[in-house]
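1. pasting the sequence and the predicted coordinates here, then a few questions.
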There are 2 protein chains.
Amino acid sequence: MCELLGMSANVPTDICFSFTGLIQRGGRTGPHKDGWGITFYEGKGCRTFKDPAPSFNSPIARLVQEYPIKSRAVISHIRQANRGEVALENTHPFTRELWGRHWSYAHNGQLKGYQRLAVGHFRPVGQTDSERAFCWLLHQLWLKYPRPPRNWPAVFRYIALLADQLRQRGVFNMLLSDGRFVMAYCSTNLYWITRRAPFGKATLLDHDVEIDFQQQTAPDDVVSVIATQPLTGDETWHKITPGEFVLFHNGVQLA
Amino acid sequence: MCELLGMSANVPTDICFSFTGLIQRGGRTGPHKDGWGITFYEGKGCRTFKDPAPSFNSPIARLVQEYPIKSRAVISHIRQANRGEVALENTHPFTRELWGRHWSYAHNGQLKGYQRLAVGHFRPVGQTDSERAFCWLLHQLWLKYPRPPRNWPAVFRYIALLADQLRQRGVFNMLLSDGRFVMAYCSTNLYWITRRAPFGKATLLDHDVEIDFQQQTAPDDVVSVIATQPLTGDETWHKITPGEFVLFHNGVQLA
């Protein structure tokens, strides 16, 4: 299995604190040593740092941890390989263009019969069930909306219906973003928290690091974080009900 | 205008030396301060480091310079903006999937009437003439080869015909790769060099750095480098004739 981490914020925010917690699970406090990746959106653009090597001692992970890239939408993943060898092409997040936007996706779980998923012109590059499921999802979206849609809540409800179908093939926890929206679909485990004023302190479960969010934020900031397991011990995380999804925009939960 | 850098090699090779030369032109010895990017292929996978900030003092560029990522195909670009604001979505290289492979592309030049280029389902995300030309090129390839082609030299000859059409709209120097092939199409300025045994020494034109390739290589290594302007002063670089292209595979010039 793998671990997921996502963020949605109303102002460009760095994810150094949460990422520091996550990457400890990449070979140190957790077994997810088969690569990691993180996608940051800045405007319509995005950039992904990824490595098929364990995150806890990766020089690239260290850069991401120390260089505060500010973003309003982030998706990250650390991998424990099941389907598909340990290789860069099998490392999440996967990003593809649809409707003139970059869509980024990371998956935790395992799917049966994924080779039969029709993908149209969204062909997988690697060998994972995850990437094939992403290609199928994009193909289904493209079939339903050949032109860029306008009713975004309806689009995400449709994506959740597609995710329900994938969940019938196994375990399908997913993070998905186009840079504006961050969607978290829960199949088994996915937690979220929204931080806003008054901000408090928090301590990472996986590493001896404490942060005082009040020092790092302005009063109007709203920042939501999604993770496979809570990253902090002294805050209340909400568990998403299996089969349901949460949609964030500018840090705020929409659905 | 911008500067391009590409590499093709028969063994995974780092590009630290050439990249060190290139990034000096990103705001120090050259005016290309509007972002930079570099795509490394490893197997079928690729990863891109990019930044809309100048390269010469970018922490991410420093990582790329100091952390020897080994690759057999690399494409890099430093930008001096003309069309499209300075933003991540306008930063080269651009990468899109076609035929189950990641295609990466970087462009130097400027095109007129690019808004009229038909792009089918390859929609641009940013505002540059470069990305739109790339989308048009992929759309044309997809129209001609709806299924993955087999005769790759014929595919690249067709790409060169498409590049000829783009060149009629202005200046179109291009680097393109799918991780196996690296293609360099010249509209005005593009130079290349192939290094193989017996390896010698070289000194960067833009920085006080000398390298002894014999220390860094094995006798069978073949490494070709392509750049807008020669990066070293004590080696002989070949200029590509405007309107022609050079194709590399495993470091060796095919066409």
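-> Alright, I've got the coordinates. Numbering: from 1, shown residues only, chains lettered A, B, ... in the order given.
2. and the helices in the stretch 151-255 of chain A?
-> Ranges of helices in the stretch 151-255 of chain A, per DSSP state H, counting those that start in this stretch, are A:152-167, A:213-216.
3. tell me which of these lies nearest to chain B.
-> Evaluated over the helices of the stretch 151-255 of chain A, closeness to chain B peaks at helix A:152-167, with 16.0 Å, by Cβ to the nearest Cβ. For every residue, glycine as well, the C-beta is placed using N, CA and C.
4. and that closest one, how far out from the chain's middle?
-> When distances are taken as Cα atoms, centre = their mean, to the nearest Å, helix A:152-167 is centred 16 Å away from the chain's centroid.
5. name the helices or strands packed onto it?
-> Where contact means 3 or more Cβ pairs under 8 Å, 6 or more residues apart in numbering or on different chains; DSSP states H and E, helix A:152-167 is packed against helix A:129-144, strand A:173-177, strand A:181-185, strand A:245-249.
6. and the second one, anywhere near chain B?
-> Put plainly, it is strand A:173-177. No. Using Cβ under 8 Å from any Cβ of the partner chain, strand A:173-177 stays clear of chain B, coming no nearer than 13.7 Å.
7. roughly how far is that strand from the heart of the chain?
-> The mean C-alpha position of strand A:173-177 is separated from the chain mean by 5 Å, Cα atoms, centre = their mean.
8. then the last one?
-> On the basis of Cα atoms, centre = their mean, strand A:245-249 sits 12 Å off its chain's mean C-alpha point.
9. direction included, what does that strand pair against?
-> Here strand A:245-249 is paired, per DSSP bridges, with strand A:181-185 (antiparallel), strand A:252-253 (antiparallel).
10. mean neighbour count and mean pLDDT for these - can I get that in a markdown table?
-> Listed next are these as a markdown table, based on neighbours: other Cβ atoms under 10 Å in any protein chain shown; pLDDT from 0 to 100:
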| stretch | mean neighbour count | mean pLDDT |
| --- | --- | --- |
| strand A:181-185 | 26 | 98 |
| strand A:252-253 | 14 | 96 |
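11. what's the closest of the ones you listed to B:G113?
-> In terms of Cβ to Cβ, the element of the strands paired with strand A:245-249 nearest to B:G113 is strand A:181-185, at 34.3 Å.
12. neighbouring contacts of that closest one?
-> Identification of contacts with strand A:181-185 by Cβ atoms under 8 Å, 6 or more residues apart in numbering or on different chains yields A:4, A:6-8, A:73-75, A:152, A:156, A:159-160, A:163, A:172-177, A:190, A:192, A:224, A:226, A:240, A:244-249, A:254.
13. that one versus helix A:152-167: what angle between them?
-> Using axes from the mean of the first three to the mean of the last three Cα atoms, to 10 degrees, one finds that strand A:181-185 and helix A:152-167 are set 30 degrees apart in direction.
14. which residues does A:P68 contact?
-> Listed by Cβ under 8 Å, 6+ apart, the contact partners of A:P68 are A:14, A:16.
15. let's go with 10 Å and repeat that
-> When the contact criterion is Cβ atoms under 10 Å, 6 or more residues apart in numbering or on different chains, the partners of A:P68 are A:12-17, A:216.
16. thought A:F245 was touching A:L190?
-> Yes. With contact defined as Cβ atoms under 10 Å, A:F245 reaches A:L190; the gap is 9.0 Å.
17. quick one: common contacting residues for the two?
-> Shared contacts of A:F245 and A:L190 (Cβ under 10 Å, 6+ apart): A:174, A:184.
18. please say which of the two ends up with more neighbours.
-> Each of A:F245 and A:L190 had its neighbours counted (other Cβ atoms under 10 Å in any protein chain shown), and the higher figure belongs to A:L190 (27 against 20).
19. let me see the contact set for the residue of the stretch 151-255 of chain A found nearest chain B.
-> At 9.1 Å from chain B, A:G179 is the closest residue in the stretch 151-255 of chain A, using Cβ to the nearest Cβ. Going by Cβ under 10 Å, 6+ apart, A:G179 touches A:39-46, A:71-73, A:101-104, B:88-89, B:125.
20. cool, A:G43 as well?
-> The neighbours of A:G43, taking Cβ under 10 Å, 6+ apart as the test, are A:12, A:71-72, A:179, B:52, B:85, B:87-90, B:125-126.
21. narrow the residues you listed to just the buried residues.
-> A:71-72, A:179, B:52, B:87-90, B:125-126 (16 or more other Cβ atoms under 10 Å in any protein chain shown).
22. pull out the buried positions in the longest strand seen in chain A.
-> Ranked by number of residues, the top strand in chain A under DSSP state E is strand A:3-13. Neighbour counts over strand A:3-13 (16+ other Cβ under 10 Å) mark A:3-10, A:13 as buried.
23. next: stretch A:146-159.
-> Under 16+ other Cβ under 10 Å, the buried positions of stretch A:146-159 are A:155-156, A:158-159.
24. ok, stretch A:243-255 next?
-> Of the residues in stretch A:243-255, those buried by neighbour count under the rule 16+ other Cβ under 10 Å are A:245-251.
25. same check, this time on stretch A:125-136
-> A:125-126, A:128-136.
26. closest one of these to chain B?
-> Nearest to chain B among the buried residues of stretch A:125-136 is A:V125, at 5.4 Å by Cβ to the nearest Cβ.
27. over to that closest one: give its phi and psi.
-> The phi/psi pair for A:V125 (degrees, to the nearest 10) reads phi -100, psi -40.
28. wait, isn't it in contact with B:P148?
-> No. Counting by Cβ under 10 Å, A:V125 does not reach B:P148; the two are 11.9 Å apart.
29. and A:K201, how many neighbours?
-> Per other Cβ under 10 Å, the neighbour tally for A:K201 reads 13.
30. show me what it bridges to in the sheet.
-> Per DSSP bridges, residues listed as beta-bridge partners of A:K201: A:D212.
31. low-confidence ranges, chain A, go.
-> Across chain A, the stretches falling below the confidence threshold (pLDDT under 70) are A:1, A:26-27.
32. ok, back up a step: which one of the buried residues of stretch A:125-136 is nearest to B:Q110?
-> For B:Q110, the nearest member of those is A:V125. The distance, counting by Cβ to Cβ, is 31.4 Å.
33. which ones are touching the closest one?
-> Applying Cβ under 10 Å, 6+ apart, one finds that A:V125 lies in contact with A:88-90, A:94, A:96, A:131, A:135, B:43-46, B:97, B:99-102, B:179.
34. in strands, which of the residues you listed fall?
-> If you go by DSSP E, those have A:94, A:96, B:45-46, B:97, B:101-102 in strands.
35. host element of A:G37?
-> strand A:36-42 (DSSP states H and E).
36. number of nearby residues for A:R96?
-> Per other Cβ under 10 Å, the neighbour tally for A:R96 reads 18.
37. got the contact list for it?
-> With contacts defined as Cβ under 10 Å, 6+ apart, A:R96 is in contact with A:102-105, A:122, A:125, A:131, A:134-135, A:137-138, B:96-97.
38. dump these into CSV; add distance to B:P198 as well.
-> CSV is the format used below for these (distance: Cβ to Cβ, whole Å):
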residue, distance to B:P198
A:H102, 46
A:W103, 49
A:S104, 46
A:Y105, 48
A:F122, 47
A:V125, 38
A:E131, 44
A:F134, 48
A:C135, 47
A:L137, 53
A:L138, 50
B:R96, 40
B:E97, 40
